[in-house]
Structures are given as C-alpha cells and as structure tokens.
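Enquirer: what follows is a protein structure lacking sequence information:
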Ligand SMILES: Cc1ncc(C[n+]2csc(CCOP(=O)(O)OP(=O)(O)O)c2C)c(N)n1
Ligand SMILES: [Mg+2]
C-alpha cells in the first residue's frame with residue numbers, strides 16, 4: 001500500500017476526476033461516456049460537488065436545470081438517443097432536491113437507460129443532526145430519504161468514508177455500461193463526506209475504456225431456434241427497443257428481407273425498420289394496428305427481439321390466440337428472455353439476428369407465398385387506414401390524428417419526435433411514419449408525464465444538428481415544462497407542439513370506457529351550485545405561459561396555418577411552442593386489441609355494470625404462457 005502513488009483530493013473532486021476519465025467502446029468506436037453533469041445546488045452539494053465542478057469546468061461541463069425530475073429525464077433521453085453509449089450525471093442537494101429525482105430514476109430504470117445520480121445526503125458524522133431537510137426516524141439513524149432510491153436504482157451506494165469511493169465508482173460504471181443491467185445508478189454523498197480529503201490511489205483517475213459487450217447466444221439454443229423457425233408457418237417478429245440500442249436495424253432488415261418474416265413494432269422499437277419496409281407490419285398490441293395484430297393473433301411463432309413484452313405490447317396477453325403459439329425471446333436480459341416460457345436466446349440483438357439469418361439462409365428458409373400475400377394485403381390495408389385517419393377532418397377544430405400527420409409531414413427523416421404520456425403515445429404509435437432509427441423517441445416504459453419537454457432537451461443535446469419535435473398534452477405541459485427555460489439558456493432549439501384538449505383527455509376516455517360519467521379528468525371550474533368540477537373550461541393561456549419563458553409562440557387554427565407554423569418553427573433559432581386547441585371528441589379507434597383495466601365488480605351505476613360485463617368477456621381471452 002505504501003508504494004502506491006496517491007492524489008489527495010476531496011471525495012467530490014475525486015468523483016468528478018474519475019467520471020471525466022470514463023470511456024466506452026463498441027465495435028471499435030470509442031467515446032467519452034459522460035457528457036457532463038446536470039445539477040441544482042443546495043447546502044447538500046454546493047460546497048462539495050459544486051466546488052469540485054468549478055475546478056473542472058474544462059473537463060466536465062455543468063448544466064443547470066429547473067427541476068430535478070426534469071434534469072434526470074433530460075439525462076435519460078440523452079442516453080436513449082445515444083443508444084446508451086453516452087450518459088449524464090445528475091447532482092442534487094439533500095432532501096427534496098434528492099427525492100425530486102426519484103421519478104426520473106424510476107423512468108430511467110424501467111427503460112434500461114443509464115443515468116448516474118449523485119444526491120447529497122445527511123451528515124455521516126451525525127454530529128449536527130438533524131440537518132435542514134433531514135427526515136428523522138425513531139428506529140434508525142442509518143436511513144435517509146435517499147434510501148427511497150434503492151428500488152428504483154440498478155445500483156445503490158452511500159459513501160460514508162472517502163475510501164469507499166475506490167470500489168463504489170467502478171461498480172457503478174459496471175452497471176451503467178452493462179446492456180442487461182443498466183438503469184439509474186445512485187451514489188448518495190453525505191454533505192460532510194463530499195468535502196473530506198483523502199489520499200486516493202492514482203490509478204482511480206486513469207483513463208478507463210469500458211468495452212460494451214455483444215453477448216453471443218448459446219449454440220444449442222440457437223440451433224433449436226433455427227429449427228423452430230423452419231417449422232413455423234406464420235412467424236412474427238416483435239421489434240423492441242433492444243434492437244435500437246444494439247444498433248441492429250441493418251441486421252433486422254437482413255433477417256426480415258431474407259426470410260420474409262414480418263416485423264411488428266413496439267413503442268421502444270419503432271423506427272428500427274422504416275415504415276415502408278416491405279416486412280414492417282406496423283405497431284402491435286393495445287395501441288397496435290390491424291396488420292400486426294391480426295398476424296399476432298394467428299402466429300405460431302413469435303420472435304420477440306429486445307422487448308420487455310409489456311401489457312401494451314401483448315394486449316394484456318390477449319394478442320396471441322393460436323393454441324400452439326411458441327416464443328423465441330432474444331434479449332440481453334435473462335428476465336426478458338425467459339418470459340412467456342420462451343426459448344431464451346440471451347444475446348445481443350444484432351449478434352443473434354445475424355446468426356439466425358446465417359442459420360436460416362443455409363437451409364434457404366422463407367415463409368410461403370400464401371402467407372407473403374396475406375402480409376402484403378394486411379400492410380396495404382393498414383397503411384391506407386393510417387392515411388385515412390391522418391387526413392380525415394370533421395368539425396371545426398383539428399383532430400389529434402391530423403396534427404400528428406401534419407407534424408410528421410413537416411419532419412425530415414432524421415428529425416426526432418419525442419413524447420411520453422397521455423393520448424398521444426398510442427396515436428403516435430399507430431399513425432407516425434418513422435423513417436430512421438432513433439427518430440421516434442417515446443418514453444413508454446414508465447409513460448411519465450413531464451418527460452416530454454425535459455426529454456426533448458436531452459434528445460437535442462445528443463444530436464443538436466437535428467430538429468426535435470416535442471408532442472405534449474396540456475396536462476403534461478402543466479406538470480413539467482420548466483426545461484423550456486434550459487433549452488433557451490443553452491441555445492438548444494425545440495419545436496414544441498402543445499395539444500390542448502382541456503384536460504387529462506386519455507384518462508377521461510378511459511374512465512368513460514369503464515362506465516364513468518364524471519369530470520375528474522377535465523380542466524373545469526368548480527361550480528358552487530353542484531360542488532363539482534362541472535363549470536366552464538379553465539381559461540389557461542398556454543401561449544402567454546410559453547412566451548413568458550422566452551419561447552417563440554405560434555397559435556395556428558387550421559391545417560394550413562399549422563403547416564406554416566411548422567415551417568416557421570423550423571426557421572426560428574429559438575425554442576418555439578405551437579399551441580393548438582384540438583377536438584377532444586375525435587379519437588383514433590382501437591384495432592383488434594385490448595388493454596386490461598379492471599372495472600368495478602359491483603356498482604350502483606348501470607353503465608359501470610355494463611362495462612364490467614364487457615370486461616369479464618374480454619378477459620377470457622387472456623392467456624397463460626408457462
Ligand atoms: C406523472 C404521471 N402522473 C399520472 C399519469 C397518469 N396519466 C396518464 S396520461 C394522463 C393525462 C395526460 O394529460 P395530457 O398530457 O393533457 O394528455 P391527454 O390525455 O389529454 O392526451 C395521466 C394523468 C402519468 N402517466 N404520469
Ligand atoms: Mg390533455
């Protein structure tokens with residue numbers, strides 16, 4: 001030990017010095033892992049990490065944010081747009097600053113996107129406890145609000161002594177750069193420990209290159225998977241986000257083109273194949289289209305690549321009705337590879353698809369002509385339906401579907417659309433025509449309201465040369481739009497399309513389908529006469545709100561004006577918010593699909609009882625895959 005060269009720095013300085021030396025490499029391409037750090041300061045991090053960041057402005061850039069949740073979303077979106085090869089750290093003070101990051105942490109972890117969280121923490125010495133914002137407990141002094149990060153982090157640690165950093169930081173990097181395990185990583189930094197100095201071993205600060213592995217599948221299972229495919233008459237691929245993260249789009253294209261096997265898409269996987277690729281049969285599941293959902297219904301083999309098989313993807317396990325259906329799951333995570341009693345190919349999507357293409361190519365396997373014709377017919381019918389819905393206007397106001405069509409038409413192939421919650425994600429999955437991988441950026445693992453604008457900032461940071469179009473509902477906008485200010489501060493232009501339907505429209509619709517007749521999800525005044533939210537719509541001036549933050553604002557009223565506004569927004573050099581009132585009644589229909597939302601089993605309401613009967617009938621289609 002005594003011969004080890006050391007560097008005496010504070011815990012905060014050591015952390016930043018270490019982070020600035022982390023690189024990743026995949027397929028021979030090397031890049032710094034961290035693009036910098038987002039942070040909001042308080043007494044829990046200002047003198048520790050704040051000081052360290054001031055000393056390292058050349059090597060590690062600090063970005064301000066308005067809300068800790070927002071900054072974690074921005075960081076998460078940045079990682080997503082970089083296919084997890086780059087990331088941000090996020091620092092917060094103790095207490096509320098830290099717990100504001102919890103929702104962001106869960107969002108990142110659910111979506112398997114890397115983000116390093118560095119919340120300040122209560123004094124390790126405990127001498128001056130309770131420090132401002134400390135939550136005291138009667139049962140332990142070893143617990144702080146930062147323990148709440150444990151279930152929403154893939155790795156969690158607290159640095160109570162400086163030397164703990166030496167093992168904590170490499171462990172954090174292992175998880176952050178693991179394709180299977182990545183997500184939020186939390187290292188809680190007590191505010192006194194941040195400022196403590198220690199003679200750290202010099203090796204801690206040397207450049208490290210983390211090789212991102214492309215795991216190969218087991219040979220026996222690979223051969224069996226190829227046999228299953230050859231035996232199948234109606235196979236169907238589900239393309240999930242893992243295809244994009246593995247940069248496996250060319251491999252999927254080659255596999256689908258060589259075999260003729262149709263490819264359906266999830267929210268995370270959309271864009272891996274262009275919408276007009278002959279094997280792309282469009283979205284699957286609860287918010288899927290007719291082509292993919294009818295093929296799924298009859299499929300005898302489902303090849304699920306890089307997907308978590310969430311309830312939206314499987315239409316709550318009603319999507320696959322063939323009694324003999326089998327699954328092959330290609331996934332880096334065993335958790336996903338083993339779902340639905342599948343043949344598990346625990347592997348990188350690109351490697352597995354290339355090996356499967358080779359294995360099937362040797363036998364000249366292709367799906368038969370009859371099935372090919374059916375696929376072509378279903379695709380045509382679906383694409384016509386998409387066109388119809390996008391272009392049909394009725395009523396005075398634009399419909400959400402029309403807006404999606406017009407925004408889509410105003411994009412270049414590599415521009416990005418960002419969305420997360422509300423009625424938009426389902427409609428976007430059905431109606432958006434993605435042309436390049438990464439251009440369709442939906443956070444639908446956590447479907448977290450508030451991700452939209454904050455996330456679009458991260459997507460823009462990842463590729464500042466591309467336009468980023470954010471589609472956001474009025475509810476989400478009201479919940480978290482503060483990072484508009486950050487976009488203006490940083491000169492990172494966003495084009496925000498705000499769809500105002502006066503409420504939590506999709507939940508209003510959902511409530512109605514469960515038999516409800518209330519206004520709990522509409523933005524209305526409380527009426528004194530009824531005591532209910534039954535009054536006029538709230539007169540929220542979104543245009544004035546956005547303008548007050550420094551954004552350009554446009555308020556088009558019809559198709560032509562929206563087209564012009566989108567062109568104007570593209571020409572503008574500053575974040576532009578397009579405020580649109582949309583028709584709350586015109587909804588995009590569902591297509592051969594269902595979503596399990598249990599309806600009250602007993603109720604005084606006849607409409608709820610009716611909805612319950614329908615619910616029970618639908619639920620009989622749910623299947624066990626064990
Ligand atoms: C943080 C968070 N809270 C609650 C929800 C549940 N939720 C899903 S969509 C939605 C309404 C969203 O309203 P808006 O953004 O206006 O979109 P709209 O439904 O009107 O299309 C709610 C409350 C959620 N997804 N995220
Ligand atoms: Mg709304």
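Expert: Cool, the structure landed. Everything numeric in this text was worked out from a predicted model, so none of it was measured. Ligands and ions are numbered 1, 2, ... in the order given.

Enquirer: can I assume residue 354 sits in a helix?
Expert: Yes: counting by DSSP: H, G, I helix; E, B strand; the rest coil, residue 354 is located in a helix.

Enquirer: show me what residue of the stretch 301-450 of the chain gets nearest to ligand 2.
Expert: residue 422 (5.9 Å; C-beta to the ion). (C-beta placed from N, C-alpha, C; glycine too.)

Enquirer: swap that for the stretch 351-500 of the chain, please
Expert: residue 473 (3.7 Å).

Enquirer: that residue against residue 501, yeah?
Expert: Yes: under the contact definition of C-beta atoms under 8 Å, residue 473 touches residue 501, with a separation of 7.0 Å.

Enquirer: common neighbours of the two, please.
Expert: Taking C-beta atoms under 8 Å, 6 or more residues apart in numbering as the criterion, residue 473 and residue 501 both touch residue 423.

Enquirer: just give me the neighbour total for residue 503.
Expert: Counted with other C-beta atoms under 10 Å, the neighbours of residue 503 add up to 21.

Enquirer: need phi/psi at the closest residue to it other than its chain neighbours.
Expert: Nearest residue to residue 503 in three dimensions, chain neighbours excluded: residue 522, at 3.9 Å (C-beta to C-beta, 6 or more residues apart in numbering). Main-chain torsions, residue 522, degrees, to the nearest 10: phi -110, psi 150.

Enquirer: for residue 522, give me its contacts.
Expert: When contacts are counted by C-beta under 8 Å, 6+ apart, residue 522 touches 502, 503, 504, 508, 533, 537.

Enquirer: just the buried members of those?
Expert: Buried subset of these (neighbour count, 16 or more other C-beta atoms under 10 Å): 502, 503, 504, 508, 533.

Enquirer: now these as a markdown table including distance to ligand 1?
Expert: What follows is those, written out as a markdown table (distance: C-beta to the nearest ligand atom, whole Å):
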| residue | distance to ligand 1 |
| --- | --- |
| 502 | 8 |
| 503 | 6 |
| 504 | 3 |
| 508 | 7 |
| 533 | 15 |
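
Enquirer: out of these, which touch ligand 2?
Expert: Taking C-beta under 5 Å from the ion as the test, ligand 2 is in contact with none of these.

Enquirer: from the residues you listed, which land in strands?
Expert: Among the buried ones among the contacts of residue 522, no member falls in strands (DSSP state E).

Enquirer: relative to residue 542, which of those is nearest.
Expert: residue 502 (10.9 Å; C-beta to C-beta).

Enquirer: if I look at the nearest residue to the closest one once chain neighbours are set aside, how far off is residue 525?
Expert: Leaving aside its chain neighbours, residue 502 sits nearest to residue 537 (4.6 Å; criterion: C-beta to C-beta, 6+ apart). Counting by C-beta to C-beta, to the nearest Å, the gap from residue 537 to residue 525 is 8 Å.

Enquirer: and residue 111, what does it touch?
Expert: Applying C-beta under 8 Å, 6+ apart, we find residue 111 in contact with 76, 80, 183, 241, 268, 443, 445, 446.

Enquirer: correct me, but residue 291 touches residue 384?
Expert: No: assessed by C-beta under 8 Å, residue 291 is found out of contact with residue 384, at 10.7 Å.

Enquirer: and the two? which has more neighbours close in?
Expert: Applying other C-beta under 10 Å to residue 291 and residue 384 shows that residue 291 carries more neighbours, namely 28 against 10.

Enquirer: show me which residues of the chain are close to ligand 1?
Expert: Residues of the chain found near ligand 1 (C-beta under 6 Å from any ligand atom) are 421-424, 447-450, 473-476, 501, 503-507.

Enquirer: next secondary structure element downstream of the longest helix along the chain?
Expert: In the chain, with assignment by DSSP state H, the single longest helix is helix 369-391. Next in sequence after helix 369-391, counting helices and strands by DSSP states H and E, comes helix 400-409.

Enquirer: for the helix or strand following that next one, packing partners?
Expert: Counting by DSSP H and E, the next helix or strand C-terminal to helix 400-409 is strand 416-419. Under the contact criterion of 3 or more C-beta pairs under 8 Å, 6 or more residues apart in numbering; DSSP states H and E, strand 416-419 touches helix 424-431, strand 440-442, helix 451-462, strand 468-473.

Enquirer: quick check: residues of the stretch 501-626 of the chain near ligand 2?
Expert: Within the stretch 501-626 of the chain, the residues that sit near ligand 2 (C-beta under 5 Å from the ion) are 501, 505.

Enquirer: ranges for the helices of the stretch 501-626 of the chain?
Expert: Ranges of helices within the stretch 501-626 of the chain are 505-513, 542-548, 559-571, 606-619, based on DSSP state H, counting those that start in this stretch.

Enquirer: can I get those in JSON lines with distance to residue 223 and mean pLDDT?
Expert: Converted to JSON lines, those look like this (distance: least, C-beta to C-beta, whole Å; pLDDT from 0 to 100):
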{"stretch": "helix 505-513", "distance to residue 223": "45", "mean pLDDT": "97"}
{"stretch": "helix 542-548", "distance to residue 223": "58", "mean pLDDT": "98"}
{"stretch": "helix 559-571", "distance to residue 223": "51", "mean pLDDT": "98"}
{"stretch": "helix 606-619", "distance to residue 223": "38", "mean pLDDT": "98"}
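
Enquirer: residue 187 is nearest to which of the helices and strands packed on strand 416-419?
Expert: The closest of these to residue 187 is helix 451-462. By C-beta to C-beta, the value is 20.6 Å.

Enquirer: the closest one to strand 468-473, inter-axis angle?
Expert: If you take axes from the mean of the first three to the mean of the last three C-alpha atoms, to 10 degrees, helix 451-462 sits at 180 degrees to strand 468-473.

Enquirer: for the spatially most central residue of the chain, what are phi and psi?
Expert: When the chain is reduced to its mean C-alpha position, the nearest residue by C-alpha atoms, centre = their mean turns out to be residue 443, at 2.5 Å. Backbone torsions of residue 443, given as degrees, to the nearest 10, read phi -100, psi 100.

Enquirer: so who does the nearest residue in space to it that is not next to it in sequence touch?
Expert: With C-beta to C-beta, 6+ apart as the criterion, residue 443 has its nearest non-adjacent residue at 4.1 Å, and that residue is residue 420. Contacts for residue 420 were tallied using C-beta under 8 Å, 6+ apart; they are 442, 443, 444, 446, 447, 448, 449, 450, 451, 452, 455, 476.
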